[in-house]
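what would the 3D arrangement of this be:
(one chain, ligands or ions: 2)
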Amino acid sequence: MDILRFESKNVWKELSNEELEQVYDYGQRYMDFLDNAKTERLATDEIIRLAEEKGFMNFDDVVKNGNVKTGDKYYLNNHNKSVVLMILGEDLEEGMNIVGAHVDAPRLDLKALPLYEEGNMALLKTHYYGGVKKYQWTCIPLAIHGVIFTKDGKKVNISIGEDDNDPVLYINDLLIHLSADQMKKTLAEGVTGEQLNVVIGSSAANSDSEDKEPVKSNILKLLNEKYGIVEEDFQVAELEIVPAGKSRHVGLDRSMIAAHGHDDRVCSFAGVDAILNIENPSKTVVGLFVDKEEIGSVGNTSMDGLFFENMIAEILHMQNKTPIVLRRSLANSKVLSGDVNVGFDPSFPEVLDSMNAAKIGHGVSISKYTGSRGKGGCNDANAEFIADLRNIFNSNDVIWQTGELGKVDQGGGGTIAYILAKYGAQVIDCGTPMLSMHAPMELLSKADAYMTMKAYKAFLQS
Ligand code: MN
Ligand code: MN
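Residues are numbered from 1 along each chain as shown. Ligands and ions are numbered 1, 2, ... in the order given. From the prediction side, this is the model:
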């Protein structure tokens, strides 16, 4: 007899002990990735490193050599900030199975001229990147990562604050004793963007008595000794402030992970891990790991850039195909837009429709739509595609649920889904439910992270 009622499944209850072990193993692999991929550049480096280990070839070399064949594995490094992984199938005209996710995360970027001294401290001015609650970034240990170029064109990689022996950086907040006025402000106004100044030093030891800014001079001296850089070089740099330290197991049952940048490295890693463990697919499989989603997918490293389309065009050129095949290849594709979704939080139930919100521990979440107030601005996926996905997931023991980004008139958020949909491809948002999205440390369930990977692998192989 048909089962008349529907209830989503709890991953922890459904899995065998053997598969539960895989959940924890996968969680550990993901945590290792997180700790090596704290910025979009570092994530790109790490994805390429993992892909090279599995025999993926640099696509720039493939273009130079001028030939491609079925079963080849490629990676395309796009400006060191986004990357495509691909296993070439039999006929691109049939379309591709694509998982796309983003590798950038909310953070604080340094301004062009960041370094100044005031109150006997040296500080760095920042401009936050993406949607942040500014007050959350004060009074926590911070690290700095990025690149800076010297006058002679040398690219210097900066990374301070991750090693246990490294010093960390810090942003001050007002002491509670003097916060009567601040406490009356809204959370949005209590700490302002211009107050997110990062303390980087306070010593005036061994300074020149004439020097009016001895702390700043000392910091410049230390930077010059370690990295060979001078103050002018800050103008030719991309330096990012992120929470210092590694991802952590959460809960006495170690069932969850707290880390910076789960949004969207959890979906990025799920896509990477899935592709790296697929052999000889008949259809071309693709992983797109893109930058700039958090500021609206703009620029040549974002999903809106044409690097992926250009890559397909290069392959078809090497296969002596006509330009129309590029259009057919993209239009016939199927895409999972991998991005995190909000999980039900019992402390803040009022913003969600508990019946339709994704539940922590109930598996990967698919969202037909992500917009709010009339589905504004979202890619409203086609039911025909969802029907295909249901069959793929159910026949591969993927535990999945549906989710939505808040109550109808509440929030909403963007993803990269609409960008690939414009080619004609079938696209749906499919990712991991999580808590405290965009906080310096975010929280999610290992069971949901694992099911995300399992969903992507089943989809890519379909
Ligand atoms: Mn995201
Ligand atoms: Mn986000």
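
near ligand 1 at all, the helix or strand of the chain with the lowest mean pLDDT?
Across the helices and strands of the chain, mean confidence by mean pLDDT, DSSP states H and E is lowest for helix 417-421: a mean of 88. No - against ligand 1, helix 417-421 shows no contacts by CB under 5 Å from the ion, the least distance being 11.0 Å. Every C-beta, even on glycine, is put in place using the N, C-alpha and C of the backbone.

that helix packs against which elements?
Contacts defined by 3 or more CB pairs under 8 Å, 6 or more residues apart in numbering; DSSP states H and E place helix 417-421 against strand 334-337, strand 426-431.

make a markdown table from these and add distance to ligand 1 to it.
Formatted as a markdown table, those follow (distance: least, CB to the ion, whole Å):
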| stretch | distance to ligand 1 |
| --- | --- |
| strand 334-337 | 10 |
| strand 426-431 | 8 |
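
with distance to residue 51 and mean neighbour count added, can I get these in TSV?
Supplementary listing: the helices and strands packed on helix 417-421 in TSV, determined by distance: least, CB to CB, whole Å; neighbours: other CB atoms under 10 Å:
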stretch	distance to residue 51	mean neighbour count
strand 334-337	19	28
strand 426-431	21	26
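
quick one: pLDDT of residue 334?
Residue 334 is assigned a predicted lDDT (pLDDT) of 97.

where does pLDDT dip in the protein?
Along the chain, segments meeting pLDDT under 70 span 411-412.

tell me which parts of it are close to ligand 1?
Within the chain, the positions adjacent to ligand 1 are 263-264, 339 by CB under 5 Å from the ion.

go again with 6 Å.
The chain comes close to ligand 1 at residues 102, 263-264, 293, 339-340, as judged by CB under 6 Å from the ion.

re the thing from before, of all the residues in the least confident helix or strand of the chain, which ones are buried?
Buried positions in helix 417-421, judged by neighbour count with 16 or more other CB atoms under 10 Å: 417-421.

which two from the residues of the chain next to ligand 1 end up farthest apart in space?
Using CB to CB, the two most remote members of the residues of the chain next to ligand 1 are 293 and 340, lying 10.9 Å apart.

who has more neighbours, these two?
Comparing residue 293 with residue 340 by other CB atoms under 10 Å, the one with more neighbours is residue 340, at 31 against 27.

the more buried one is in contact with residue 437, isn't it?
Yes - with contact defined as CB atoms under 8 Å, residue 340 counts as touching residue 437 (6.3 Å).

for these two, list the residues in contact with both.
Common neighbours of residue 340 and residue 437 (criterion: CB atoms under 8 Å, 6 or more residues apart in numbering): residue 263.

name the nearest residue to residue 457, sequence neighbours excluded.
Nearest residue to residue 457, sequence neighbours excluded (CB to CB, 6 or more residues apart in numbering): residue 274, at 3.8 Å.

who's in contact with the closest residue to ligand 1 within the stretch 1-150 of the chain?
Closest to ligand 1 within the stretch 1-150 of the chain is residue 102: 5.7 Å, counting by CB to the ion. Applying CB under 8 Å, 6+ apart, one finds that residue 102 lies in contact with 264, 267-268, 289-294, 303, 339, 416.

of these, which pair is most distant in space?
Top of the distance list for those (CB to CB): 267 and 292, 15.7 Å.

these two: which is more packed in?
Between residue 267 and residue 292, counted using other CB under 10 Å, the more crowded position is residue 267 (32 against 24).

in its sheet, what does the strand ranked longest in the chain sit against?
In terms of residue count, the longest strand belonging to the chain (DSSP state E) is strand 107-118. Here strand 107-118 has these sheet partners by DSSP bridges: strand 121-129 (antiparallel), strand 237-243 (antiparallel).

and for residue 342, the neighbour number?
Neighbourhood size, residue 342 [other CB under 10 Å]: 24.

now it: which helix or strand?
Counting by DSSP states H and E, the element that carries residue 342 is strand 341-342.

in its sheet, which strands sit next to that strand, and in what direction?
Counting by DSSP bridges, the strands paired with strand 341-342 are strand 433-435 (parallel).

list the contacts of the strand it pairs with.
Counting by CB under 8 Å, 6+ apart, 262-263, 266, 340-345, 358-360, 362, 365, 401, 403, 442-445, 448 sit against strand 433-435.

sort out for me which of the residues of the chain next to ligand 1 are in helices.
263-264 (DSSP state H).

any idea which of the residues of the chain next to ligand 1 is closest to residue 78?
Once CB to CB is applied, the member of these that ends up nearest residue 78 is residue 102, at 12.9 Å.

look up the closest residue to the closest one, ignoring the ones flanking it.
Here the residue nearest residue 102, using CB to CB, 6+ apart, is residue 293, at 3.5 Å.

residue 319 now?
Closest to residue 319 by CB to CB, 6+ apart is residue 68, at 6.6 Å.

tally of neighbours for the one you found?
Around residue 68 there are 20 residues (other CB under 10 Å).

again with the one 5 residues further on
Here the count is done by other CB under 10 Å, and residue 73 has 19 residues near it.

just the helices in the chain please.
Counting by DSSP H, the chain has helices at residues 11-14, 17-36, 40-53, 59-65, 180-184, 187-190, 214-227, 262-276, 307-318, 324-331, 383-395, 417-421, 446-460.

for those helices, which one sits closest to residue 114?
Across the helices of the chain, closest to residue 114 is helix 214-227 (CB to CB), at 11.0 Å.

how far does stretch 314-322 stretch from start to finish?
Taking CA to CA, to the nearest Å, stretch 314-322 runs 11 Å from one end to the other.
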